[in-house]
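In: Build me a model:
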Amino acid sequence: MTSRHVVHEAAEAFQTATEQLAGILPNGLHERGPNGALLAVTGSMIPVLNGIMSVSDAPDLDEIRLLCEKAEPYVQHLPWSIRLRGDAGEEITELAARRGLPTQLRQPFMLLSLEDGRADGRVDRRAGGPEVGREQGHSGPESVTVRPLGGDEYETFAAVLGTAFGAPAAIISSLYTPHVLGQPFVKAYLAEADGTPVAAGLAIVTERHVGLANIGTLPEHRRRGIGRAVVEAILRDARAAGAHTAYLHSSDEALPLFEQAGFRTEETWVAFTA
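Out: Have a look, this model is predicted:
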């Protein structure tokens, strides 16, 4: 297992990335509580992108309650959440339920060190990992290439992820606009098979951490190593840019993909949603 200090630093990097994302959106809101918990509202229809996040080992009930009160006028018409790294406890669970958030989602928080060689193409060949190229366009299996996307390609990014996750593309394009994708700390990636977009992913870099999000492959192209190629391209570029740790939250379905890429679950977070 990774040291608790390293895990805590990655959790703080994730919180900072969320704060920065909210800060660049026209109608975004972000505010810290007295003990460091974050209230961030992006306006997205994705619950975990609106609400409260605490990365403390012991979330503070009074702080969470205060931020819930501050959030109320902004989330009345938005899906939102309370996201905690530490144990929620009975009182916070009851608070979340009173705020209309009775559902608990468990989210593995996974880390990978970029200082041990796993992000430079030396992956476990027995897992069927693709060899990722060294230039900006990365070669993958079955003539698949992975490349960074420009902000003007936001509609392509949204269309691929919308199909991959079974969500309206408008939900994604309303958040990942040309302005957002053009930020220096945000980097979108696209995988193409014979010129056809088949997968996409996102990297958010804060200091020496890189967060991976929205790694999605079109259903008819899954289980061919394409998602893995996107992950390896992100890790390679992040390592070259000086990042020392990669992190992500995974769904149960995607766990094997990230484990094959070298990520390990360090702890499980809880998100309260409607």
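
In: would you list every one of the strands in the stretch 101-250 of the chain?
Out: 103-113, 138-139, 144-148, 186-193, 196-206, 209-217, 245-249 (DSSP state E, counting those that start in this stretch).

In: how much distance is there from the fourth one to the middle of the chain?
Out: Shown here is strand 186-193, whose average C-alpha point lies 15 Å from the average C-alpha point of the whole chain (CA atoms, centre = their mean, to the nearest Å).

In: What mean pLDDT does it get?
Out: Looking at strand 186-193 alone, the average pLDDT works out to 97.

In: Number the residues from 4 up from this point.
Out: Sounds good: first residue 4 from here, last item strand 189-196.

In: circling back: need the strands of the stretch 104-253 of the chain in JSON lines with distance to S84, can you?
Out: C-beta coordinates here come from the backbone N, C-alpha and C atoms, glycine included. Shown next, in JSON lines, are these (distance: least, CB to CB, whole Å):
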{"stretch": "strand 106-116", "distance to S84": "8"}
{"stretch": "strand 141-142", "distance to S84": "34"}
{"stretch": "strand 147-151", "distance to S84": "30"}
{"stretch": "strand 189-196", "distance to S84": "21"}
{"stretch": "strand 199-209", "distance to S84": "18"}
{"stretch": "strand 212-220", "distance to S84": "15"}
{"stretch": "strand 248-252", "distance to S84": "12"}
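
In: Can you add distance to D60 and mean neighbour count and give these back as a markdown table?
Out: Shown next, in a markdown table, are these (distance: least, CB to CB, whole Å; neighbours: other CB atoms under 10 Å):
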| stretch | distance to D60 | mean neighbour count |
| --- | --- | --- |
| strand 106-116 | 13 | 18 |
| strand 141-142 | 38 | 20 |
| strand 147-151 | 36 | 20 |
| strand 189-196 | 29 | 22 |
| strand 199-209 | 21 | 23 |
| strand 212-220 | 19 | 24 |
| strand 248-252 | 17 | 23 |
